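> need coordinates for the following:
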Amino acid sequence: MIMNGPTWNLTTHERRQRMNPRSTPPATRFATRKRTLAVFWLAAGAAAQAPTFTTPAGTVVWSDKVAFQGSTCANQAVAIPQRGLIPGGSAASVIVGPLTFSIASPSLELYLGGTTNPTPSFPADWSTLLPGHEIVISGIENLNVDLATPMTELGVDFHEPSASCPWANACGCITCTSSTFTVTLRRAGVAIDTFPFDAPDDVAAFVGWSSMAAFDRVEFREVVGNPNHADNEFFGTFYVAAASCSAFYQRLGTGCNGSAGSPRLWSSGNLRPWLGSPFTIELQSLPSSTAAFLAFGFSATNWGMVTLPTDLQSIGMPGCTLWMSPDTTILLGVNGGVASFVQVIPSSPGLLGVQFYNQGMVLDPGVNSAGATVTNAAAARIGQ
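Numbering: from 1, shown residues only. Modelled structure (predicted):
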């Protein structure tokens, strides 16, 4: 039975060194790539639907599958096959394409798909709201997903029923409980990020995410108040990214109100940063006759001794947040409420995979004691 106080850094001085990448430690090579990108930005001088939220670590999370697929490379569907009960009980494990599914205690059994001989307790299709077959777990829904190769983007269809019977589209002919999950991303056993997931009931729901750091394991853990809770939720088709598609540019955090509204930072045309291609960053909803600064940085967790994100009220900017480290800033002119930074990203192999962040600061005299506001930030990675 299925049971169930910073200031903005306006100049950056860095020593440029010539190194042999083949004899340089990986950490040093990455630092060199960051310096190369910083020098490039200094020398150089309307988005898709917003995600549900962005975590402090920079993971962008969606509940809208169309927006997720339009903003990421995760378009390859991994459908759940019809295999029924997977042998092994609480140690059950099964490989489906690039993904390996298993369960974690106190989960008891792992099922892939329904049954070819339907009964009242075992329908042919657990959820008619989701396409194809579904993963069903006996007991608490603690699902592990291991990836054959590290990825930065993943999504899954999901159905949480509130009806108790019959079994199809139901929580399991018991008292249904609205469940909340945590999703943890790991790489080589080390947690990269953790965020909550609470799907609406009785609909074809979805959760997808993009991480600044590649992960090789995802852990779904059901968070409930009753340890005996054992109703059913269904995991459907998973969506993964092609290994060759590695670029992204996605929103991080929010801006704060100014005299022309809340200034926004986007990539023009919702484009991503690709080697050898033009890339435009725009600051929008700016007051006229002003100036703006575009910051580039390499961390969303700390800026020197400052932990990020950090509230800017202490420097006279109430309601404003510094989301990323402003390691390099560029002065931009404003025309018609918009400031743009346009540049072709060099076709340099050393820039491939480099991750960076952006945020804008806008001079807005009189809006607060600092006379400035900030935009949302963005998390980015250069691809080819």
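> what does the model give the closest residue in space to Val218 that isn't next to it in sequence for pLDDT?
Nearest residue to Val218 in three dimensions, chain neighbours excluded: Val145, at 4.3 Å (CB to CB, 6 or more residues apart in numbering). Backbone N, C-alpha and C define where each C-beta goes, glycine included. On pLDDT, Val145 comes in at 98.
> show me what Ala378 is bridged to.
Arg251, Asn358 (DSSP bridges).
> Val334 and Leu286 touch, don't they?
Yes: using CB atoms under 8 Å, Val334 is in contact with Leu286, at 5.1 Å.
> what is in contact with the two at once?
Residues touching both Val334 and Leu286 by CB atoms under 8 Å, 6 or more residues apart in numbering: Ala292.
> neighbour-wise, which of these two wins?
The neighbour comparison of Val334 against Leu286 (other CB atoms under 10 Å) goes to Leu286, with 29 against 18.
> identify the residues contacting that one.
Contacts of Leu286 (CB under 8 Å, 6+ apart): Gly258, Ala260, Pro263, Ala292, Val334, Gly337, Val338, Ala339, Val362.
> follow-up on the earlier one: partners of the residue nearest to Val218 in the sheet?
Beta-bridge partners, per DSSP bridges, of Val145: Phe101, Val218.
> ditto for Glu282
Trp266, Ser340.
> same question, Leu363
Here Leu363, judged by DSSP bridges, has bridge partners Ala372.
> could you check how far it is from Ile382?
29 Å (CB to CB, to the nearest Å).
> quick one: which of these two has more around it?
Between Leu363 and Ile382, counting by other CB under 10 Å, Ile382 is the more crowded of the two (25 against 18).
> shaky segments in the stretch 151-300 of the chain?
Scanning the stretch 151-300 of the chain for pLDDT under 70 picks out 225-230, 242-246.
> ok, then the element right after the helix or strand encompassing Ala77?
Assigned by DSSP states H and E, Ala77 falls within strand 74-78. For strand 74-78, the following helix or strand on the C-terminal side (DSSP H and E) is strand 84-86.
> which strands and helices sit next to the very next helix or strand once past that next one?
Later in the chain than strand 84-86, the nearest helix or strand by DSSP H and E is strand 93-96. Based on contacts counted as 3 or more CB pairs under 8 Å, 6 or more residues apart in numbering; DSSP states H and E, the elements that strand 93-96 packs against are strand 99-103, strand 109-112.
> so which of those gets nearest Thr237?
Closest to Thr237 of the helices and strands packed on strand 93-96, according to CB to CB: strand 99-103, at 11.0 Å.
> chain center to the closest one: distance?
Chain-centre distance of strand 99-103: 21 Å, with CA atoms, centre = their mean, to the nearest Å.
> which stretches of the protein form helices?
26-44, 65-71 (DSSP state H).
> identify each buried residue in the shortest one, please.
Of the residues in helix 65-71, those with enough neighbours to count as buried (16 or more other CB atoms under 10 Å) are Lys65, Ala67, Phe68, Gln69, Ser71.
> and the gap between the residue positioned nearest the centre of the chain and Gly155?
Nearest to the geometric centre of the chain sits Val60, at 2.5 Å (CA atoms, centre = their mean). To Gly155, Val60 is 11 Å away according to CB to CB.
> need the residues touching each of those two.
Any residue near both Val60 and Gly155 by CB under 8 Å, 6+ apart counts here, and that gives Trp209.
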